[in-house]
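Visitor: sharing a sequence plus its predicted fold:
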Amino acid sequence: MGEASNLARVNPSMRIEIEGVSLETLRALSRADQDALLAFGRPISFAMGSATVLAEFNRNGGTLLVNFAHIDGGGEGVLLVLWRLVRAYAIDRQFKLIRWNVHAATCATPNPRLQRFLRSHHFAEIDDASYGRIFARSQQL
């Protein structure tokens, strides 16, 4: 997670925790413990800056599947930092592709600002067979 080290210096005021574990502590964990913390196949929560993110990670061969079910708060670049951290993780684990799914189209109170942001970062609004209407992006590594 070498890129993650650089990101921590980009915005030192942003507190990043995953399930209550700081980014610094996470980097010190073994690869097995890092993978266990991501809890593949079940939802986990992230506290990042002023945002709380509910996400789920899955593996499908060489693809890392990332589902953002709910994002509450934020606005200080949380998604960009999270995307960079996940990308660094995926590269370190030799994934070939990241499939990003953001459930921002059908939530109880859709955020038009978030939707514009996603579209400007190459996310497409699609009807997914598994998740319904979502914003999705596939990123080759």
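Guide: It's in.
Visitor: skip ahead from the helix or strand harbouring residue 25 and say which helix or strand is next.
Guide: Taking DSSP states H and E as the criterion, residue 25 maps to helix 23-28. Going down the chain from helix 23-28, the next helix or strand is helix 31-38, by DSSP H and E.
Visitor: so which bits of that next one are buried?
Guide: For helix 31-38, the neighbour count (16 or more other Cβ atoms under 10 Å) marks 34, 37, 38 as buried. Where C-beta positions appear, they are placed from N, C-alpha and C, glycine not excepted.
Visitor: and stretch 17-34, by the same measure?
Guide: 18, 21, 23, 26, 34.
Visitor: same deal with stretch 74-81?
Guide: 74, 78, 79, 81.
Visitor: so which of these are in helices?
Guide: Judged by DSSP state H, the buried residues of stretch 74-81 include 78, 79, 81 as members of helices.
Visitor: returning to that earlier point: reformat the buried residues of stretch 74-81 as JSON lines; add distance to residue 98 and pLDDT.
Guide: Formatted as JSON lines, the buried residues of stretch 74-81 follow (distance: Cβ to Cβ, whole Å; pLDDT from 0 to 100):
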{"residue": "74", "distance to residue 98": "20", "pLDDT": "74"}
{"residue": "78", "distance to residue 98": "17", "pLDDT": "79"}
{"residue": "79", "distance to residue 98": "14", "pLDDT": "82"}
{"residue": "81", "distance to residue 98": "15", "pLDDT": "82"}
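Visitor: tell me the helix or strand right after the helix or strand harbouring residue 99.
Guide: Element membership of residue 99 [criterion: DSSP H and E] is strand 97-102. Next in sequence after strand 97-102, counting helices and strands by DSSP H and E, comes helix 112-120.
Visitor: report the angle between that next one and strand 97-102.
Guide: Angle, helix 112-120 to strand 97-102, by axes from the mean of the first three to the mean of the last three Cα atoms, to 10 degrees: 160 degrees.
Visitor: in its sheet, what does whichever helix or strand comes after helix 112-120 sit against?
Guide: The helix or strand immediately downstream of helix 112-120 is strand 124-128, counting by DSSP H and E. Using DSSP bridges, strand 124-128 pairs in its sheet with strand 132-140 (antiparallel).
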